[in-house]
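Peer 1: attaching a predicted model along with its sequence, questions to come.
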Amino acid sequence: MAQQKPEDKVNLEQVLKLVNQLSPQEQDQLMEEMKLKWLRHALEDGEQSINQYGARPVDEVFSELKDRYESRKQSP
């Protein structure tokens, strides 16, 4: 595969062809790297949300959810 210019976009099909050329161990390593990237992104999103909206103690949230569940269970 010819080296692409920086302005050329790589599409999913091209990426998958490259992944198929990797050994199973390299594919596993790539998968772990992708999981870490996703996790870091999710943590950053969570941190941004907390900074923007604040956070509530987990016990308070679960207590509220339990109360809602119980009230719905008792409704006809």
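Peer 2: Here it is on my side, so go on. Residues are numbered from 1 along each chain as shown.
Peer 1: what stretches of the protein score poorly on pLDDT?
Peer 2: 1-7, 76 (pLDDT under 70).
Peer 1: from Leu39, how far off is Gln21?
Peer 2: Distance, Gln21 to Leu39, using C-beta to C-beta, to the nearest Å: 26 Å. (Glycine included, C-beta is placed from N, CA and C.)
Peer 1: and Leu65, by the same measure?
Peer 2: Leu65 is 25 Å from Leu39, by C-beta to C-beta.
Peer 1: can you check Gln52 too?
Peer 2: From Gln52 to Leu39 the distance is 20 Å (C-beta to C-beta).
Peer 1: compare neighbour counts for those two and give me the winner.
Peer 2: Leu39 (10 against 7; other C-beta atoms under 10 Å).
Peer 1: what helix or strand does the more buried one sit in?
Peer 2: helix 24-53 (DSSP states H and E).
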